[in-house]
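K.L.:
pasting the structure only:
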């Protein structure tokens, strides 16, 4: 039987039950369950005009695969198309698509190789990777021309990752009868148009992508389709030696230059320091709390490279007493390990990049963002691994370094972005990386410099962790604390099954409790109005340190410089500069800051 005839086999539906002998079973898609509101809405939008090209943007975890396969089944049943080709970023996702399609009666071959030439007579089509298409675009064009084909481009932004990939899918699938482009993450701004995506100029003349249907995280959260995410940010004192031999130190999370921030961040992630094991212990405590309500909840560490991933896995074994599943590459055995982890009750998985996009492990509820990559695209992909909702009330918790760029991305999680062309790039920004990514890459290159080169490799000397704050629903909570302190444990102990409104209320209460405790402690330390100059000196030192700590916390929250905050406090409370202020005057400013933290003026 020819490829064309094999792909002409109909898919059974409630309206069309005439099945070829090669497909004796009734396809399951017609009775596979009720569609989510957005999926039904998007299908209605598609079938209103049935365009050749359709771009659907839906947040990770919303169910893009279900939508795409329902649309494919409809088009096959109508005989609009007679075959399906799915293009995915990775080998693992090819299998994932084939498994999902099989459950609704569409048979895709994920093992198809370019050398095969055509798929077997018992398949409706194939699942291939972008790299696979780019290596033999003429072959895939011939396959597309051989029969009316629906092409599903999963995570279509990969069509702009490399010129050969974009040119390859354009050549291969230009003759397709229908094309469905999917993405769940913000597009990158660059000058390379993504094939089959429509662009239109905005008011500034910058061409931006036009989605035919969009379903963002904010709406999905309101619909209960995805989990809310609690971000646990950790700061700490970092110390390192530069390639020039200079010893540097900085407080992670404090405003600084980009290169110092990048080096402090890299020091925090170094397996030889104390920051990462402390954060892993905190994340495991959080996982234990979540598993009280969600017994099979799992956790994932996203590492920068294989060496760090192995080191983190060793730490987790020491912390938990059980081995962590390690996924190091996009190979068959790695894909199998992901599947085994999903079906097991294991607590932890450690991976490098490949689990950041599309991979479906619904039981993941706790994450540690232990990677140096900071693009909005990658961050959204990583967060997307934790937001898939299974039952009402589940929340996700993601631990991350208190780096301003990451905190900004966390606070802007609900922002939807279009792909922009013609936008000027900064001098230090290339097509694939943010300036911070470039600095981290340079630090990594320094470490690998040979001994014959001038200078010394970058060396992380010391990394201490401290609890910084919690980010949720655009708000920030907590005033910091030592590792293992009540201030930290109050937030780690938040139940894993709560409605978003309950999470917000509980976070506000925990913060109010912290402020109240600190207020009482400060009041207890104020000396009696006696002539005890030694007591006054000590009290002033402690009060000034507390004030400075709280000003720093408010500066991070508000984005205001420290000097502006001090000036405003002095204007409201009166008195001289901090260096000349009395215990009572400093205490008044502390109490005013405490009022700001709980929302009082």
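P.N.:
Arrived safely. This one's a predicted model, so the numbers in the text were calculated from it and none came from an experiment. Numbers count the residues shown, from 1 in each chain.

K.L.:
Can you name the element that comes right after the longest strand along the chain?
P.N.:
Ranked by residue count under DSSP state E, the longest strand found in the chain is strand 229-241. Using DSSP states H and E, the helix or strand that directly follows strand 229-241 along the chain is strand 247-252.

K.L.:
sorry, back to before: how far off strand 247-252 does the longest strand of the chain point, in degrees?
P.N.:
Angle, strand 229-241 to strand 247-252, by axes from the mean of the first three to the mean of the last three Cα atoms, to 10 degrees: 170 degrees.

K.L.:
Could you pull up the mean pLDDT of strand 229-241?
P.N.:
Taken as a whole, strand 229-241 has a mean pLDDT of 93.

K.L.:
Which elements pack onto it?
P.N.:
Counting contacts by 3 or more Cβ pairs under 8 Å, 6 or more residues apart in numbering; DSSP states H and E, strand 229-241 is packed against strand 247-252, helix 258-269, helix 275-293, strand 396-401, helix 404-411, strand 459-463, strand 466-472. (C-beta placed from N, C-alpha, C; glycine too.)

K.L.:
Mean neighbour count, mean pLDDT and distance to residue 65 for the ones you listed - can I get that in a markdown table?
P.N.:
Below are the helices and strands packed on strand 229-241 laid out as a markdown table (neighbours: other Cβ atoms under 10 Å; pLDDT from 0 to 100; distance: least, Cβ to Cβ, whole Å):
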| stretch | mean neighbour count | mean pLDDT | distance to residue 65 |
| --- | --- | --- | --- |
| strand 247-252 | 16 | 88 | 38 |
| helix 258-269 | 23 | 92 | 33 |
| helix 275-293 | 21 | 96 | 26 |
| strand 396-401 | 26 | 96 | 20 |
| helix 404-411 | 19 | 88 | 25 |
| strand 459-463 | 19 | 91 | 40 |
| strand 466-472 | 24 | 91 | 28 |
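
K.L.:
immediately after the helix or strand bottoming out on mean pLDDT in the chain, which helix or strand?
P.N.:
Confidence across the helices and strands of the chain bottoms out at helix 3-7, with a mean of 38, counting by mean pLDDT, DSSP states H and E. Counting by DSSP H and E, the element after helix 3-7 in chain order, helix or strand, is helix 37-49.

K.L.:
so residue 143 makes contact with residue 116?
P.N.:
No - the criterion here is Cβ atoms under 8 Å, and residue 143 misses it with residue 116 at 10.2 Å.

K.L.:
higher neighbour count, these two?
P.N.:
residue 143 (25 against 12; other Cβ atoms under 10 Å).

K.L.:
Report the separation between that one and residue 47.
P.N.:
26 Å (Cβ to Cβ, to the nearest Å).

K.L.:
and residue 590, what helix or strand is that in?
P.N.:
helix 583-597.

K.L.:
from the chain's centre, how far out does that helix sit?
P.N.:
Distance of helix 583-597 from its chain centroid, counting by Cα atoms, centre = their mean, to the nearest Å, is 37 Å.

K.L.:
With stretch 540-551 instead?
P.N.:
Distance, centroid of stretch 540-551 to centroid of chain: 35 Å (Cα atoms, centre = their mean).

K.L.:
Check stretch 558-571 too.
P.N.:
Relative to its parent chain, stretch 558-571 has a centroid offset of 33 Å by Cα atoms, centre = their mean.

K.L.:
Can you give me the buried ones in that stretch?
P.N.:
For stretch 558-571, burial by neighbour count (16 or more other Cβ atoms under 10 Å) applies to 565, 566, 569, 570.

K.L.:
Just put the helices and strands packed on strand 229-241 in a markdown table and tack on distance to residue 546.
P.N.:
Output for those, formatted as a markdown table (distance: least, Cβ to Cβ, whole Å):
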| stretch | distance to residue 546 |
| --- | --- |
| strand 247-252 | 16 |
| helix 258-269 | 24 |
| helix 275-293 | 23 |
| strand 396-401 | 25 |
| helix 404-411 | 23 |
| strand 459-463 | 25 |
| strand 466-472 | 15 |
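
K.L.:
just so I know, which of these lies nearest residue 211?
P.N.:
Taking Cβ to Cβ, helix 404-411 is the member of the helices and strands packed on strand 229-241 nearest to residue 211, at 20.9 Å.

K.L.:
what packs against the closest one?
P.N.:
strand 229-241, helix 376-384, strand 396-401, strand 466-472.

K.L.:
So which elements touch the last one?
P.N.:
Using 3+ Cβ pairs under 8 Å, 6+ apart as the contact criterion, the secondary-structure elements in contact with strand 466-472 are strand 229-241, helix 404-411, strand 475-477, helix 486-492, helix 500-525, helix 533-558.

K.L.:
Try it again at 7 Å.
P.N.:
On a contact count with 3 or more Cβ pairs under 7 Å, 6 or more residues apart in numbering; DSSP states H and E, strand 466-472 meets strand 229-241, helix 404-411, strand 475-477, helix 486-492, helix 500-525.

K.L.:
Which of the ones you listed sits closest to residue 342?
P.N.:
Each of those was scored for nearness to residue 342 using Cβ to Cβ, and the closest is strand 229-241 (20.0 Å).

K.L.:
buried ones in the closest one?
P.N.:
For strand 229-241, a neighbour-count test (16+ other Cβ under 10 Å) marks 229-241 as buried.

K.L.:
got it, and stretch 329-340?
P.N.:
Buried residues in stretch 329-340, defined by neighbour count with 16+ other Cβ under 10 Å: 330, 334, 335, 337, 338, 339.

K.L.:
just stretch 490-499 next, same as before
P.N.:
Buried residues in stretch 490-499, counted by 16+ other Cβ under 10 Å: 490, 491, 492, 494, 496, 498.

K.L.:
Out of those residues, flag the one nearest to residue 344.
P.N.:
Among these, and counting by Cβ to Cβ, the member closest to residue 344 is residue 496, at 19.0 Å.

K.L.:
quick one: the closest residue to that closest one other than its chain neighbours from residue 176, how far?
P.N.:
Excluding its sequence neighbours, the residue lying closest to residue 496 (Cβ to Cβ, 6 or more residues apart in numbering) is residue 290, at 3.3 Å. Going from residue 290 to residue 176 by Cβ to Cβ gives 44 Å.

K.L.:
Please identify which helix or strand holds residue 85.
P.N.:
Element membership for residue 85 (DSSP H and E) is strand 83-88.

K.L.:
And the contacts of that strand?
P.N.:
Under the contact criterion Cβ atoms under 7 Å, 6 or more residues apart in numbering, strand 83-88 has outside partners 7, 72, 94, 97, 106, 108, 124-130, 133, 147, 149-154, 169, 358.

K.L.:
Okay, now the sheet partners of it, with direction.
P.N.:
Take DSSP bridges as the rule and strand 83-88 pairs in its sheet with strand 125-129 (parallel), strand 149-153 (parallel).
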